[in-house]
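A.B. asks: with the sequence up front, the predicted model follows.
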Amino acid sequence: MSYLEINAKTTPTGLRKILYLNWPLVLLLISVACIGFLMLYSVAGGSFSPWVEPQVKRFGMGLVVMMVIAMVPIWFWRNMAVVAYLSSIALLLAVHFFGTVGMGAQRWIDLGFMRLQPSELTKITLVMLLAAYYDWLPRERTSRPLWVLAPIILILLPTFMVLRQPDLGTSILLLASGGGVMFLAGVHWAYFAAVIGAGVGLVTAVIQSQGTTWQLLKDYQYRRIDTFIDPSTDPLGAGYHITQSKIALGSGGWSGRGFMQGTQSRLNFLPEKHTDFIFTTLAEEFGFIGGVSLLGLYMLIVVFCIAAALATKDRFSALVIMGVSLTFFLYFAVNMSMVMGLAPVVGVPLPMVSYGGSVMLVLLAAFGLVQSAHVHRPR
Amino acid sequence: MRRNPKELDGTHRTLSRRALLLGGLQMVFAGGLAMRMRHLQVDQADQFRLLAEENRINIRLLAPARGEIFDRNGIALAQNSPSYRIIIVPEDAGDVDKVIADLSRLIRIGPKDLERAIAEMRRSPPFLPVTLADQINWQEISKVAVNAPALPGITPEVGLARIYPRKDDFAHVVGYVGPVSDYDLSQIADPEPILRIPRFQIGKVGFEAKREDVLRGKAGAKRVEVNATGRVMRELDRRNGISGADMQLTVDAELQGYVQARLGNESASAVIIDCESGDLRAISSAPSFDPNLFVRGISVADYRELTENTYRPLANKTVQGTYPPGSTFKMIVALAAQEEGIVGTEDTVWCPGYLEVAGRRFHCWKRGGHGNVDLNTSLKRSCDVYYYDLALKVGIDKISAMAQRMGLGVRHDLPMSAVAAGLTPTKDWKSRNRGEDWLIGDTANAAIGQGFMLASPLQLAVMTARLATGRGVTPRLIKSIDGIEQPDGAGVSLGLNENNLRTLRRGMYSVSNDRRGTGYRSRIIDETMQMAGKSGTSQVRNITAAERASGVIRNSDLPWKRRDHALFVCFAPFDKPKYAVSVIVEHGGGGSKAAAPIARDVMLQALYGGTPPLAAYPKSDRSRIKSQQERLERERPARQLEARDRA
């Protein structure tokens, strides 16, 4: 029994909970989603089909899911953490055996009414489980090697399963958000320093080994790295995405070409213009001002989450809120870095904007957790 | 269990601290993203905008309509006719195989075309049209159009194709067009981009090739917006091309048609030049070929038939073929001698049948000799000895100079392929080109248009026109370009003594109209149109002393290739020359027998501007001429394509 349950008496009950929702956060999410609708309308050439309509429906459904989750006390979700985690592992296994192959990877389970992407779900359940773990773990054990190893295994298990699909983007997000929760929970910084040091060492080794007898990667993998570093070496091959994306972005200029006037996305020069590369359309049509505004909205969401996390005294709540906001942050940070040519193309959507059901539903469910934590915070 | 508030505070402080730290890092990262955005969108915006435009805009060339070619009366010799083709857009067709199967039940699709189309479809994106069948006729097109609903993705398309309605008649004059080849491109210093349009056609041979500059026109262009896969989304703007200039030639299509038919399947050529203007009224080389075959892409079998034919149908003999002019050259020798004052009208030469020159016997064609011969008789009866004698007195250099003045040995500037210069040898020429001294025997040979002397039918016609007028008539083929009349070739006086010319003309008159003249049998009876001519028979082999001793082998007993060339030149009417004609029948035998009748018929046709009345012919010939006229009239329709539907 935690601190929270003891103070249950002070939390609002029934429909009154709605009044206690973190409304600014809700409004921010809605405005970001509306920007998404606008962009999907634009890339469809000024049409509600094929993307805007399903996206609006999913967003509506997601809002309902968020509200329902928000109404349920946060301690229930804490108790459900293990079950949720195990379910998503089971789904990952299921996708491995029964999943639908799409875009060269096995990611979906077709549920009939929607296609579920368990890897997206895992991002949240992992955060929940780690938050619950650190809520349960006495503080003095937090940095003990054995107790550090356990969450690492919990993180690596789904990471590898997702990596096998293969979905590099989601694996990186899982790894980063899991690590982030561990960091927030107070695991000694030396562990992180060691991991980062090892990572840097590995990258150096990989790069240094190129052309030597102990070469660590295959030649084509090096070529991919080279292409990422300088896309112009292969403008119509692997570098195509990045080159075209930068052209679209750059041609937007200060204030953009105007709504529905982006030639690059309209004429299909942009790959995946309605999903991973939707930001380029926004940047082309609304320019630097539009791009920075969206970034600003995203950062406001993150800031509101951090404020909510600081406001609660419950460890699980704070960790979940921070974990969710970190995951959210990672989504848009990686996506934007990718389209701006700062990171390799790994297939991470722009949260709440890119077309896609699973991500939107999962993110809104995650914000449901944030709301629940906010509503049921000890007062 | 209730936790120690102190412990709780401690963990919470760590969490808060780290949450703020993380938030700070996130802020820094977001700031970095904003900086990057600024860098791309503000600092480098111009550069990227340029790249975006390059991506988006594609320039498509529009082929201009090629200039059309007409004869002097406005009859089309080369025109652009709508050509239908069937294209398929695989994307719209859906089941391509089924659609093609349905289509081939309606029209015939060549297996080669089909193979090429399928290969092309495999290569190109599905929205790009692929040609299934080309050069489809109207009936087939309408069949396809009627069944259009059952043939998704199939569209009939109209383009312009070059057609030559007069078929064989103008193959050598007008030439033909064909698709641009790599060889063509390599020949052009700075090829216009238009040449790279698929299916674009350029002049390959003849007039089409020579006046490509004006016929082609200027390409237009349209700017289109394309998407990443090259699909045209919309047209941004369009600048239409400028059509090529229409050309009017001096030739008369009807006359040319007659001449071509009259030459028939002989390996022969004929040129009719207007003495007053230099206009080439007809310039025919036989046998000919159908240039339309080349436009569509000639089959290997057809092409081999043309190249392996011993009569060389592809060669334009009128300007490319050079022959020893034989006795038709005698006027030049006589004129040179007259102008030098070496010979008078009354002077005679004794012809015993040969002349001894530097220890070698030069024979007259008449074994027994002509006896006492004056200038008029020498022409009329074509005595060789008279000219050996004259030439030796004048010298080769003066003869060649006169020949050049009369239009031999010079390349006439005509827009036709491979116009030959022929050859009028001089002493200097021989030492330069052969490294040998000029021999006196060479002069004797040149005197009768043999030896090194070479002339084309065009040059002989020009020579005759100059003799007839005394003016430097130059041949003209282009009457007008885009309605602008081109300068004529009437020429100015050559400065020759008119009396000398008159003597020569009278000699030529005797050839045709004197009972003993070599061309008497091919005379014109009509008093107002009497002609003056000169026959020529040029040897293509040496007659050995042994053969001469045992009797010269008759032409009909020789293989075709070794027979004499038959030549005839003439002008008419005698008192007011209108046309000059030259005819050469390769290996045709005697000029008076093989070439003169053709020249006469052609001349009459030209003078009358159509089929001449039988009264113009000698009585004895009329029945033969009548049946000949009827035969040519019957063959006529086969020589033309159906007139274009102008609707």
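C.D. replies: That came through fine. Residues are numbered from 1 along each chain as shown, chains lettered A, B, ... in the order given.
A.B. asks: from now on I want contacts and neighbour counts done on CA atoms only, so please keep to that.
C.D. replies: Will do.
A.B. asks: list the contacts of the closest residue to A:Val359 other than its chain neighbours.
C.D. replies: Distances taken as C-alpha to C-alpha, 6 or more residues apart in numbering or on different chains place A:Glu120 nearest to A:Val359, at 6.0 Å, with adjacent residues excluded. Contact analysis of A:Glu120 by C-alpha atoms under 8 Å, 6 or more residues apart in numbering or on different chains lists A:170, A:358-359, A:362.
A.B. asks: am I right that A:Glu120 sits in a strand?
C.D. replies: No - assigned with DSSP: H, G, I helix; E, B strand; the rest coil, A:Glu120 falls outside any strand and is helix.
A.B. asks: ok, now which ones touch the residue most central in space within chain A?
C.D. replies: Residue closest to the average C-alpha location in chain A (C-alpha atoms, centre = their mean): A:Tyr331, at 3.6 Å. By C-alpha under 8 Å, 6+ apart, the residues touching A:Tyr331 are A:173, A:348-351.
A.B. asks: tell me where the stretch 1-150 of chain A has strands.
C.D. replies: A:100-102, A:105-110, A:115-116 (DSSP state E, counting those that start in this stretch).
A.B. asks: just checking: what are the partner strands of the shortest one?
C.D. replies: Paired with strand A:115-116 in the same sheet, following DSSP bridges, are strand A:105-110 (antiparallel).
A.B. asks: skipping adjacent residues, who's closest to B:Arg361 in space?
C.D. replies: B:Arg361 sits nearest to B:Leu355 (C-alpha to C-alpha, 6+ apart), 5.6 Å away.
A.B. asks: and what of B:Glu235?
C.D. replies: Excluding the flanking residues, the one nearest B:Glu235 by C-alpha to C-alpha, 6+ apart is B:Val224, at 4.3 Å.
A.B. asks: flag the shaky bits of chain A, pLDDT-wise.
C.D. replies: Applying pLDDT under 70 to chain A flags the ranges A:1-10, A:99-107, A:110-114, A:224, A:227-240, A:264-271.
A.B. asks: buried residues in the longest helix along it, which are they?
C.D. replies: Ranked by residue count under DSSP state H, the longest helix found in chain A is helix A:278-311. Neighbour counts over helix A:278-311 (16 or more other C-alpha atoms under 10 Å in any protein chain shown) mark A:278-292, A:294-295, A:298-299, A:301-311 as buried.
A.B. asks: can you check stretch B:321-341 too?
C.D. replies: For stretch B:321-341, by 16+ other C-alpha under 10 Å, it's B:321-339.
A.B. asks: I figured A:Gly291 hits A:Ala283, correct?
C.D. replies: Yes - between A:Gly291 and A:Ala283 there is a contact at 5.2 Å, judged by C-alpha atoms under 8 Å.
A.B. asks: if we can go back for a sec, for the longest helix of chain A, which helices and strands make contact with it?
C.D. replies: Judged by 3 or more C-alpha pairs under 8 Å, 6 or more residues apart in numbering or on different chains; DSSP states H and E, helix A:278-311 is in contact with helix A:23-43, helix A:240-252, helix A:263-266, helix A:315-339, helix B:5-38.
A.B. asks: deepest of those, which one?
C.D. replies: A comparison of these by mean neighbour count, using mean count of other C-alpha atoms under 10 Å in any protein chain shown, puts helix A:240-252 on top with a mean of 28.
A.B. asks: for that helix, list the C-alpha coordinates in CSV.
C.D. replies: Taking Å, rounded to 0.1, in the frame of the first residue of the first chain, the C-alpha atoms of helix A:240-252 are listed here in CSV:
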residue,chain,number,x,y,z
TYR,A,240,17.1,9.8,-51.6
HIS,A,241,14.9,10.1,-48.6
ILE,A,242,17.2,12.4,-46.8
THR,A,243,18.1,14.5,-49.8
GLN,A,244,14.5,15.0,-50.8
SER,A,245,13.4,15.7,-47.3
LYS,A,246,16.0,18.4,-46.9
ILE,A,247,15.0,19.9,-50.2
ALA,A,248,11.4,20.1,-49.1
LEU,A,249,12.3,21.5,-45.7
GLY,A,250,14.8,24.0,-47.0
SER,A,251,12.5,25.2,-49.8
GLY,A,252,9.9,26.1,-47.2
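A.B. asks: centre of the chain to it, how far?
C.D. replies: Averaging C-alpha positions (C-alpha atoms, centre = their mean, to the nearest Å) puts helix A:240-252 23 Å from its chain's average.
A.B. asks: which of the three states applies to B:Ala580?
C.D. replies: For B:Ala580, the secondary structure call by three-state DSSP comes out as strand.
A.B. asks: my guess is it contacts B:Asp274. True?
C.D. replies: Yes - assessed by C-alpha under 8 Å, B:Ala580 is found in contact with B:Asp274 at 6.5 Å.
A.B. asks: common neighbours of these two, please.
C.D. replies: Residues touching both B:Ala580 and B:Asp274 (C-alpha under 8 Å, 6+ apart): B:Ala465.
A.B. asks: those two: which is more packed in?
C.D. replies: Set B:Ala580 next to B:Asp274 and count neighbours by other C-alpha atoms under 10 Å in any protein chain shown: B:Ala580 wins out with 34 against 27.
A.B. asks: how about the contacts made by that one?
C.D. replies: B:272-275, B:461-462, B:464-465, B:468, B:569-572, B:603.
A.B. asks: what's the distance between it and B:Val271?
C.D. replies: Using C-alpha to C-alpha, to the nearest Å, B:Ala580 is found at 8 Å from B:Val271.
A.B. asks: what of B:Asp290?
C.D. replies: Computed as C-alpha to C-alpha, the B:Asp290 to B:Val271 distance reads 20 Å.
A.B. asks: which residues in the stretch 101-250 of chain B form strands?
C.D. replies: So, for the stretch 101-250 of chain B - with DSSP E, counting those that start in this stretch - the strands run B:130-136, B:154-163, B:176-179, B:201-205, B:220-226, B:232-239, B:247-249.
A.B. asks: pull the distance from the shortest one to the chain's centre.
C.D. replies: Strand B:247-249 has its average C-alpha position 14 Å from the chain's average C-alpha position, going by C-alpha atoms, centre = their mean.
A.B. asks: with the second one instead?
C.D. replies: In this view, strand B:154-163 has its centroid 25 Å away from the chain centroid, taken as C-alpha atoms, centre = their mean.
A.B. asks: for it, buried residues please.
C.D. replies: B:154-156, B:161-163.
A.B. asks: what's the local residue count around residue 167?
C.D. replies: Because you didn't say which chain, this covers chain A. 21.
A.B. asks: think we crossed wires, I meant chain B
C.D. replies: Neighbours of B:Lys167 (other C-alpha under 10 Å): 21.
A.B. asks: quick one: low-confidence parts of the stretch 1-150 of chain B?
C.D. replies: Low-confidence regions of the stretch 1-150 of chain B, defined by pLDDT under 70, span residues B:1-11, B:55, B:57-58.
A.B. asks: and the helices in it?
C.D. replies: Under the criterion DSSP state H, counting those that start in this stretch, helices of the stretch 1-150 of chain B are mapped to B:5-38, B:45-56, B:90-93, B:96-106, B:111-123, B:138-146.
A.B. asks: next one: the stretch 401-550 of chain B
C.D. replies: Using DSSP H, counting those that start in this stretch, helices in the stretch 401-550 of chain B cover B:427-433, B:440-447, B:457-469, B:498-513, B:545-550.
A.B. asks: quick check: B:Gly206 touching B:Leu414?
C.D. replies: No - B:Gly206 lies out of contact with B:Leu414 (C-alpha under 8 Å); the separation is 9.8 Å.
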